[in-house]
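Chemist: Sharing a sequence plus its predicted fold:
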2 protein chains.
Amino acid sequence: MNDGMPPQMGQSLLFLTDEQLRKGIEAMFFAYRGFTADPDRILAQKSYGRAHHRAIHFIHRSPGTTVNNLLSILGVTKQSLNRVLRSLIEDGLVASTVGQRDKRERHLHLTEAGAELERALSDAQRDRMRAAYRAAGPAAVAGFRQVLEAMMDEETRHHYEAMKDRPE
Amino acid sequence: MNDGMPPQMGQSLLFLTDEQLRKGIEAMFFAYRGFTADPDRILAQKSYGRAHHRAIHFIHRSPGTTVNNLLSILGVTKQSLNRVLRSLIEDGLVASTVGQRDKRERHLHLTEAGAELERALSDAQRDRMRAAYRAAGPAAVAGFRQVLEAMMDEETRHHYEAMKDRPE
DNA sequence: CTTGGAATGTCAACAAAGCTGACGTATTGT
DNA sequence: ACAATACGTCAGCTTTGTTGACATTCCAAG
């Protein structure tokens, strides 16, 4: 590897070479495939897709959330979300209730069936994550999270932080 | 948070709680959006998509690679890749040459224009990665890579390892 | 030398999931 | 009363993935 840097440059910045960055980019690409592979298999059986998974995940995460809130978390248009949400409601996995204070709002909850699918999906995803965490160790996990957080968009990070430490 | 674990359990395994795993899952989701955001903006202007980016990236990475090899790296069908590849070839960003030893194979290279787009895309992506790396520091980066590698599928990891240390 | 299989390319049809734009309805706040 | 907000929906378009079918070209084994 010759990236034009002087040989006397300390090792401390070696993790910023183009080669290191490229490896990081490829690691993200390949790892994300693994990250979604297990839930994808479950979803395919029920003829759902990743969009359904994401909706289910964040409704589980923030029960009673409104459509608008979900929209801004997911970063998609309401038309796109509506298609997914409609099928989940029709299939009885999600319940949509008119708001108390503001009747324009719809509050979203998982039904028992929805919670069951959520468990199946997140169990599969957590199993892989757990194996990766266990293999890498606590220090690596801390670094993993640090880099990922630094990689987010500003606005996205606010969503992430906002639900970061909410109790289960 | 009450996940049913005894309070006397050491801190050493705290990074394996469901809550920690869930945070990791959400961090992956949000970070991947940031990871693709910058190249996506460039691609949208040229009416290309992520599939074009991926093809360009790995052709740049492994010049002269065959279609079949690219297929297995990207994990898509040949019909899907072919559509993308055809447009790149038509637009003069990728050159496809018949193999010497085996004339059934097509060897793929970036043209000068293709290399130019590749630079624009990877510069944008690397800038964000560099900022994240710099913010997190070398130890965090090592952990980041460790966890990502442990998260890959077996077969995928082989692709990753295979091109891991090839010189630029 | 013939034939089977591998590598590639192409056509057609389809689905998931994103987008824009337009419009309707109910409700809220000014 | 009226404007803005929240939501749902219709129509149409794009990208990117999928199957299935089929032709071509070529290598290699029989």
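Modeler: Now that the structure is in, tell me what you want to look at.
Chemist: Could you use CA atoms for every contact and neighbour count after this?
Modeler: OK.
Chemist: May I see the buried residues of the longest helix anywhere in chain A?
Modeler: If each helix of chain A is counted by residues according to DSSP state H, the longest one is helix A:18-45. Burial within helix A:18-45, assessed by neighbour count using 16 or more other C-alpha atoms under 10 Å in any protein chain shown, is assigned to A:18-40, A:42-43.
Chemist: Residue A:104 touches residue A:68, doesn't it?
Modeler: No: counting by C-alpha atoms under 8 Å, residue A:104 stays clear of residue A:68, with 10.9 Å between them.
Chemist: Who has more neighbours out of the two?
Modeler: Neighbour count, other C-alpha atoms under 10 Å in any protein chain shown: between residue A:104 and residue A:68, residue A:68 has more, with 15 against 10.
Chemist: Report the distance from the helix or strand hosting residue A:107 to the chain centre.
Modeler: For residue A:107, the host element (DSSP states H and E) is strand A:106-110. Relative to the centre of its chain, strand A:106-110 is centred 19 Å away, using C-alpha atoms, centre = their mean, to the nearest Å.
Chemist: tell me what the next helix-or-strand element following it is packed against?
Modeler: Proceeding N to C from strand A:106-110, the next assigned helix or strand is helix A:112-136, under DSSP H and E. Judged by 3 or more C-alpha pairs under 8 Å, 6 or more residues apart in numbering or on different chains; DSSP states H and E, the packing partners of helix A:112-136 are helix A:18-45, helix A:50-61, helix B:18-45, helix B:138-151.
Chemist: what about 7 Å?
Modeler: Helix A:112-136 is packed against helix A:18-45, helix B:18-45, helix B:138-151, with contacts defined by 3 or more C-alpha pairs under 7 Å, 6 or more residues apart in numbering or on different chains; DSSP states H and E.
Chemist: Just give me the neighbour total for residue A:115.
Modeler: Residue A:115 has 18 neighbouring residues, counting by other C-alpha under 10 Å.
Chemist: which residues touch the closest residue to residue A:148 other than its chain neighbours?
Modeler: Nearest residue to residue A:148, sequence neighbours excluded (C-alpha to C-alpha, 6 or more residues apart in numbering or on different chains): residue B:31, at 5.4 Å. Counting by C-alpha atoms under 7 Å, 6 or more residues apart in numbering or on different chains, residue B:31 touches A:148, A:149, A:151, A:152.
Chemist: Please apply the same query to residue A:124.
Modeler: Residues in contact with residue A:124, defined by C-alpha under 7 Å, 6+ apart, are A:38, A:39.
Chemist: Could you find the closest non-adjacent residue to the spatially most central residue of chain A?
Modeler: Residue closest to the average C-alpha location in chain A (C-alpha atoms, centre = their mean): residue A:54, at 7.0 Å. Nearest non-adjacent residue to residue A:54, counting by C-alpha to C-alpha, 6+ apart: residue A:74, 7.7 Å away.
Chemist: right, is the helix or strand of chain A with the lowest mean pLDDT up against DNA strand C?
Modeler: In chain A, the helix or strand scored least confidently by mean pLDDT, DSSP states H and E is helix A:154-162, which has a mean of 93. No: judged by C-alpha under 7 Å from any atom of the strand, helix A:154-162 makes no contact with DNA strand C; its nearest approach is 14.0 Å.
Chemist: buried residues in that helix?
Modeler: Buried, per 16+ other C-alpha under 10 Å, within helix A:154-162: A:156, A:157, A:160.
Chemist: ditto for stretch A:66-75
Modeler: Across stretch A:66-75, burial judged by 16+ other C-alpha under 10 Å covers A:66, A:67, A:70, A:71, A:73, A:74.
Chemist: Likewise for stretch A:44-58?
Modeler: For stretch A:44-58, the neighbour count (16+ other C-alpha under 10 Å) marks A:48, A:49, A:51, A:52, A:53, A:54, A:55, A:56, A:57, A:58 as buried.
Chemist: Serialize the residues you listed to TSV and add fields for distance to DNA strand D and pLDDT.
Modeler: Converted to TSV, these look like this (distance: C-alpha to the nearest atom of the strand, whole Å; pLDDT from 0 to 100):
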residue	distance to DNA strand D	pLDDT
A:48	14	95
A:49	12	95
A:51	13	97
A:52	15	97
A:53	17	98
A:54	16	98
A:55	12	98
A:56	15	98
A:57	17	98
A:58	14	97
